[in-house]
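Chemist: generate a structure from the sequence data that follows.
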Amino acid sequence: MDPALLAVAALLSLVVLVHSIGGEILVIGPLRRHPDPPPLFGSPTLFVSTIHATWHVASALGLAATATVLAAAADPAVAAGSRFALQALLGAFVASAILVLGTTRGRHPAWVAFSLMSAGLVFALYA
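Modeler: Here you go, the predicted structure:
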């Protein structure tokens, strides 16, 4: 078991859980209660439903990334075969860290989690 990849998978699992539950409480719930959400193709209901679905698509993709990292952590042969996938995730995590840091001016803590996961992948891939 690769400890760096295991740590990345654990942190990513936590991020997915917090994103999904926190989003329901802090974003989707208030949006559903908003008296006049903006329309999408003329439908406010479609706007809210689309945001809701998109929010959880990100969580589903996070779970897929977690499974990829866990498989690589468990078996060195899988890790060797998954090197490109892990490098792609590294690029996505770095881009996500920069995006969240820049757009929220550091106020949203996701940039820290993405930075830590990026560091863990760099260590696992290149150390």
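Chemist: mind saving the C-alpha coords of stretch 28-45 as CSV?
Modeler: The C-alpha trace of stretch 28-45 is given here as CSV (Å, rounded to 0.1, in the frame of the first residue of the first chain):
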residue,chain,number,x,y,z
ILE,A,28,-28.8,23.8,-3.2
GLY,A,29,-31.1,24.3,-0.2
PRO,A,30,-31.0,28.1,-0.3
LEU,A,31,-31.3,28.0,-4.1
ARG,A,32,-34.4,25.9,-3.9
ARG,A,33,-35.9,28.4,-1.4
HIS,A,34,-35.0,31.4,-3.5
PRO,A,35,-38.2,33.2,-4.5
ASP,A,36,-37.1,34.0,-8.0
PRO,A,37,-34.2,31.9,-9.3
PRO,A,38,-33.0,32.9,-12.8
PRO,A,39,-34.5,30.9,-15.7
LEU,A,40,-32.7,28.5,-17.9
PHE,A,41,-34.4,28.1,-21.3
GLY,A,42,-37.3,30.0,-19.7
SER,A,43,-37.6,27.7,-16.7
PRO,A,44,-36.5,28.6,-13.2
THR,A,45,-37.1,25.0,-12.1
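Chemist: average pLDDT for it?
Modeler: Across stretch 28-45, pLDDT averages out at 92.
Chemist: what's in contact with it?
Modeler: In this structure, residues lying in contact with stretch 28-45 by Cβ atoms under 8 Å, 6 or more residues apart in numbering are 46, 47, 48, 50, 51, 52, 55. Using the backbone N, CA and C atoms, a C-beta is placed for each residue, glycine as well.
Chemist: okay, now residue 18: neighbour count?
Modeler: 14 (other Cβ atoms under 10 Å).
Chemist: buried ones in stretch 23-43, by neighbour count?
Modeler: 23, 28, 37 (16 or more other Cβ atoms under 10 Å).
Chemist: what of stretch 6-21?
Modeler: Buried residues in stretch 6-21 (16+ other Cβ under 10 Å): 6, 7, 8, 9, 10, 11, 12, 13, 15, 16, 19, 20.
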